[in-house]
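# No sequence on hand, only this structure:
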Ligand SMILES: Nc1ncnc2c1ncn2[C@@H]1O[C@H](COP(=O)(O)OP(=O)(O)OP(=O)(O)O)[C@@H](O)[C@H]1O
């Protein structure tokens, strides 16, 4: 029985019915390859027939007594030639079947990988709250690979080995019914022993896979936290923890390998025992002239060949089990619908209107991440086109959530958000994201040149335009310091660029993609005063003619804003400009007081 569990996304896994559904749904990927699969079955049939006819030829040679006849040598040449031709044909058809099947399997999995990647891209942010990046990487790489094994190994085994078993049984019965029946008694016993043995190996295999993924997760987590580990001199402790995990993996691996070796050798022994049994039973029959010697020879050959497919099939049974688990995992992802739905249609006229102003309205907006506690409570807000609005508040007060709703990472549970009078839900997501530019605290860089990072790989944007945007936000001196200037290769971790310099790249993106609304979410957090100054300069450039919303912990960043919103417990507690809010002597004045004290505190 399979063990049922619940995954990180709260979905039930390990349910047989669900695995069955997943299996049949994934099989649909093979549908376009029906014809090719037909060829594979045909090639397999020819290959196996050519293989199984070889002992039959030897049987004829032995039993017909051709060698003792007049044309003995001539016939021997003929039969020997026939034997060679059959061996050659078997090789040829095996090759054709294997290459065609590999092609089908790899094509199916390439399509599956593409569909999965595309599907993940259609998901809303709530999906990524439930599924960790690590598990999605595993789905995209390791699960698809396991499924590929199904199409390239399990399927071939089912076809080839299944056919082979049937043909051997048919040949045995056609040669001698009684001897065939004796074989049929021995074989199920052996198959049962093999199946039991395989179960032990399957558990060992699962255990070693689990230990391996734990080791990978541990390594990934450690590399991500390397700064912290070094700063706190935790290297020795981490190496010890790694070693513990490593030993567990080693132990599990050795158990699996030992199981496999034992199984294979025992299987050989069982094979020999059954051949001995056959020699004894068959030999007696030959001596009492019930069967001819050639028949016994053919039986012994077929008995040996019989073990090959049984061994293969039991091995593939294990692969099939892991495939079912992987298929179920992907199936669960494929069945996740994005919570934020794309607008069915938005009229062209309305879309044109969108590109005019940049007015933002929140009408009684409430939101909850968990459908229980409200993170935003009945927000009413009207932001004028071109206005610069600062948003401040204590941590967890809902500032980022407010912006997450504006870019439709999530939808409000109550109320409406309007852009230029148009409800967000009616605006196509692509238009919306062209309309709003988001600069987050940690700018994301892709592996690629600086140019491509600014134009986000959109090749129709010329290099000259990228350079002009970078120069305009003051990124020129930074680029000059890089060894290959604008063609320098950047990586996800920034390739030695300071936080402020990476942020300038985000600003250049804004100038290039020209969104009407700009959101800065803690864009100057964790920066030294020089970087903050650079960003402040850039902000002045990019905020011209744009509605700009700036979330900031440092009040100096938003001091000059037209309006400042002070958030507290999911509500707008105060609003006004810097002077007005100070005069109120409320939350803003308290925040300002704390921030002033923090700045004035001497650094040790
Ligand atoms: N993805 C999420 N899933 C569940 N809860 C979340 C999620 N993101 C934020 N929250 C919770 O929502 C509340 C508001 O968070 P939010 O990030 O909007 O606050 P914030 O004012 O921007 O805080 P900070 O200044 O620390 O960034 C917090 O209690 C936070 O824990």
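Nice, thanks for sending it over. Predicted, not measured: the structure shown is a model, and the values here were computed from it.

# of all the residues in this protein, which ones are close to the ligand?
Residues of the chain lying close to the ligand (Cβ under 6 Å from any ligand atom) are 129, 369, 375, 393, 395-401. (C-beta placed from N, C-alpha, C; glycine too.)

# Which members of these occur in strands, if any?
Judged by DSSP state E, the subset of the residues of the chain next to the ligand located in strands is residue 393.

# now residue 322, nearest residue through space, not along the chain?
The shortest distance from residue 322 to any non-neighbouring residue, by Cβ to Cβ, 6 or more residues apart in numbering, is to residue 146 (5.3 Å).

# That neighbour: neighbour count?
Residues near residue 146, counting by other Cβ atoms under 10 Å, number 20.

# Tell me the first helix or strand C-terminal of the one helix or strand it maps to.
Here residue 146, judged by DSSP states H and E, is contained in helix 144-149. On the C-terminal side of helix 144-149, the nearest following helix or strand under DSSP H and E is helix 155-175.

# Mind listing what's buried along that following helix?
By neighbour count on 16 or more other Cβ atoms under 10 Å, the buried set for helix 155-175 is 155-157, 159-161, 163-165, 167-169, 171-172, 175.

# got a list of what the residue nearest to residue 209 when sequence neighbours are not counted touches?
Excluding the flanking residues, the one nearest residue 209 by Cβ to Cβ, 6+ apart is residue 322, at 7.6 Å. Shown in contact with residue 322 (Cβ atoms under 8 Å, 6 or more residues apart in numbering): 146, 149, 205-206, 209.

# what residues does stretch 29-46 touch?
Stretch 29-46 is contacted by residues 89, 93-94, 96-97, 100-101, 103-104, 107-108, 111-112, 151, 156, 159-160, 163 when judged by Cβ under 8 Å, 6+ apart.

# Can you tell me, leaving aside adjacent residues, what's nearest to residue 155?
residue 101 (6.9 Å).

# what about the one you found, helix or strand, and which?
Assigned by DSSP H and E, residue 101 belongs to helix 72-121.

# Of the residues of the chain next to the ligand, which pair is most distant in space?
129 and 393 (21.8 Å; Cβ to Cβ).

# okay, those two: which has more neighbours?
residue 393 (24 against 13).

# now the stretch 251-400 of the chain, which segments are flagged as low pLDDT?
344-356 (pLDDT under 70).

# Return the longest helix in this structure, judged by number of residues.
helix 235-287 (DSSP state H).

# so how far is stretch 159-176 from its chain's centroid?
Centroid separation for stretch 159-176 versus its chain: 41 Å, with Cα atoms, centre = their mean, to the nearest Å.

# State the helix or strand in which the closest residue to residue 424 other than its chain neighbours lies.
Excluding the flanking residues, the one nearest residue 424 by Cβ to Cβ, 6+ apart is residue 417, at 4.7 Å. Here residue 417, judged by DSSP H and E, is contained in strand 414-419.

# Identify each buried residue in that strand, please.
Of the residues in strand 414-419, 415, 417-419 count as buried by neighbour count, 16+ other Cβ under 10 Å.

# Output the contacting helices and strands for it.
strand 360-367, strand 376-383 (3 or more Cβ pairs under 8 Å, 6 or more residues apart in numbering; DSSP states H and E).

# residues in contact with that strand?
Contacts of strand 414-419 (Cβ under 8 Å, 6+ apart): 354, 358-367, 378-379, 405-406, 423-425, 427, 432, 435, 517.

# what's the burial count for residue 114?
Other residues within reach of residue 114, judged by other Cβ under 10 Å, total 11.

# pretty sure residue 541 is touching residue 473, no?
Yes - at 5.9 Å, residue 541 counts as touching residue 473 under the criterion of Cβ atoms under 8 Å.

# what touches both of those two?
507, 511.

# Show me which of those two is the more surrounded one.
Neighbour comparison, residue 541 and residue 473: the larger count goes to residue 473, with 25 against 14 (by other Cβ under 10 Å).

# Test my guess that that one contacts residue 506.
No - Residue 473 is beyond contact range of residue 506, at 9.1 Å (criterion: Cβ under 8 Å).

# on that earlier part again, among the contacts of strand 414-419, which ones are buried?
Buried by 16+ other Cβ under 10 Å: 354, 358-363, 365, 367, 379, 405-406, 424-425, 427, 432, 435, 517, out of the contacts of strand 414-419.

# Excluding covalently adjacent residues, which one is nearest to residue 434?
Nearest residue to residue 434, sequence neighbours excluded (Cβ to Cβ, 6+ apart): residue 515, at 6.6 Å.

# Surely residue 391 forms part of a strand?
Yes - under DSSP: H, G, I helix; E, B strand; the rest coil, residue 391 falls within a strand.

# check contacts around it.
Applying Cβ under 8 Å, 6+ apart, the residues contacting residue 391 are 399, 402-403, 549-552, 558, 564-565, 567.

# can you list the residues you listed in TSV and add neighbour count, secondary structure and distance to residue 57?
Formatted as TSV, the contacts of residue 391 follow (neighbours: other Cβ atoms under 10 Å; DSSP: H, G, I helix; E, B strand; the rest coil; distance: Cβ to Cβ, whole Å):
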residue	neighbour count	secondary structure	distance to residue 57
399	23	helix	83
402	27	helix	82
403	19	helix	79
549	26	strand	84
550	23	strand	86
551	25	strand	83
552	21	coil	87
558	26	helix	91
564	23	strand	94
565	25	strand	90
567	24	strand	88
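
# which one of those residues sits closest to residue 182?
Residue 182 lies nearest to residue 403 out of these, by Cβ to Cβ, at 78.3 Å.

# right, and that closest one touches residue 437 too?
No - assessed by Cβ under 8 Å, residue 403 is found out of contact with residue 437, at 11.6 Å.

# Give me the common contacts of those two.
Common neighbours of residue 403 and residue 437, using Cβ under 8 Å, 6+ apart, are residue 519.

# Can you tell me the strand partners of the strand holding residue 417 and which way each runs?
Its sheet considered, strand 414-419 pairs with strand 360-367 (antiparallel), strand 422-423 (antiparallel) by DSSP bridges.

# Turn the ones you listed into a markdown table, columns for distance to residue 307.
Listed next are the strands paired with strand 414-419 as a markdown table, based on distance: least, Cβ to Cβ, whole Å:
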| stretch | distance to residue 307 |
| --- | --- |
| strand 360-367 | 64 |
| strand 422-423 | 69 |
